[in-house]
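S.K.: The following comprises the amino acid sequence and a computationally predicted model.
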Amino acid sequence: MKNYYYLSFIFLILKSSFLTAQEYTPIIKNGSFWDVETVLGGHCSRAYYRYKIGNDTIISGKSYKKLLYAEYTKTSNDPCPEYKTPYVVNQNDFVELQEYIREDIAEKKVYIWTNNNSQNIYKEYILYDFNLNINDVLSDEYYANANNTSSQVKIVKIDTDSNGKKRHHLETDTVYYTEGIGSYSGIISFNRVVGEGDTTLFCHGNSTNQNNCAAVLSTNKEALLKTIISPNPVNDVITIHNLPHKATYIVYNVLGKQIPIKKKTFNTLNTSALAKGIYFLKISTSNNTQKTIKFFKD
């Protein structure tokens, strides 16, 4: 009888340990996506994007998921809509980011392979670590600010959200990351500022649970989001790649004021006369589709 109780006790301990190990909720699931709002500056200047998981790819012998993004298309006539107004995401608008993500469930860590913005050094960073305790340091992390500098940050608080998911708060910029979701500002961004540049996660889901987020449509709409610029940051001439036929563009500053560009062609603009700082290139197509790209003038 004693052996029976002893074995039962051992079984309960093992079961408890197993359940504890199973408590971790992965961030990367089948069809995971994150919807964010970014403040651009000026009156009624906000952009809405969806980031989502793409296909697998192998980098340095490790399996990563590709990351893609697309800009929302509003379906209301409100000149200053918020994300609560009707929006759709067009499947054909998604383009690949040059950033790749993987999750080690056993380690409870999420990694990202990226060049950390403009530093042009591709490597793997620890994006999230759910093993850390208060006062532990998130080392070798992907954390970039406007100056493209990286830093190590301390965990100052650990709590749970309304759904009981563990949340780690960082000492810098009052941001946090949440088990099963990602950061306060999406999957790959830690940007938390007041006003221009602030990015906020407002909806997320996956193939199983859409959470009533914006619908995804499969259409043949002109793929403006394939349009990119280079270089960025820029000293003089910016080239606009994959600019749709008959598209137009304007430049404005963080206050929402349009900046005249005297030297430009259909797909290039000379920024040498601009002061150093942050600017926005707003591109419009003949069917009123728009895209705004932020760039830095060195």
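M.R.: Thanks, I have the structure now. Quick caveat, the model's predicted, so the values are computed rather than measured.
S.K.: Give me the three-state assignment for the most centrally placed residue in the chain.
M.R.: Geometric centre of the chain, nearest residue: residue 188, 4.2 Å, by C-alpha atoms, centre = their mean. Here residue 188 is recorded as coil under DSSP: H, G, I helix; E, B strand; the rest coil.
S.K.: confidence score at it?
M.R.: pLDDT for residue 188: 77.
S.K.: now swap in residue 179 and tell me
M.R.: 94.
S.K.: Would you mind measuring from it to residue 27?
M.R.: According to C-beta to C-beta, to the nearest Å, residue 179 and residue 27 sit 7 Å apart. Placement of C-beta: from N, CA and C, glycine included.
S.K.: The two - which one has more neighbours?
M.R.: Remark: of residue 179 and residue 27, residue 27 carries more neighbours, 25 against 21, as counted by other C-beta atoms under 10 Å.
S.K.: Was I right to think that one contacts residue 183?
M.R.: No: using C-beta atoms under 8 Å, residue 27 is not in contact with residue 183, being 9.8 Å away.
S.K.: Quick check: neighbours shared by these two?
M.R.: Counting by C-beta atoms under 8 Å, 6 or more residues apart in numbering, the contacts common to residue 27 and residue 183 are residue 128.
S.K.: beta partners for residue 67?
M.R.: residue 53 (DSSP bridges).
S.K.: burial count for it?
M.R.: Count around residue 67 with other C-beta under 10 Å applied: 21.
S.K.: repeat for the one 3 residues further on
M.R.: Using other C-beta under 10 Å, the number of residues around residue 70 comes to 22.
S.K.: quick one: contacts for it?
M.R.: Going by C-beta under 8 Å, 6+ apart, residue 70 touches 49-50, 89-90, 93-95, 225.
S.K.: can we see that at 7 Å?
M.R.: Each residue near residue 70 by C-beta atoms under 7 Å, 6 or more residues apart in numbering is listed here: 49-50, 89-90, 93-94, 225.
S.K.: Of those residues, which is the most crowded?
M.R.: Among these, the one with the most neighbours (other C-beta under 10 Å) is residue 93, at 25 neighbours.
S.K.: name the element the nearest residue to that one once chain neighbours are set aside belongs to?
M.R.: Counting by C-beta to C-beta, 6 or more residues apart in numbering, the nearest residue to residue 93 once its immediate chain neighbours are dropped is residue 70, at 4.0 Å. Using DSSP states H and E, residue 70 sits within strand 62-71.
S.K.: Show me which residues of that strand are buried.
M.R.: 64-71 (16 or more other C-beta atoms under 10 Å).
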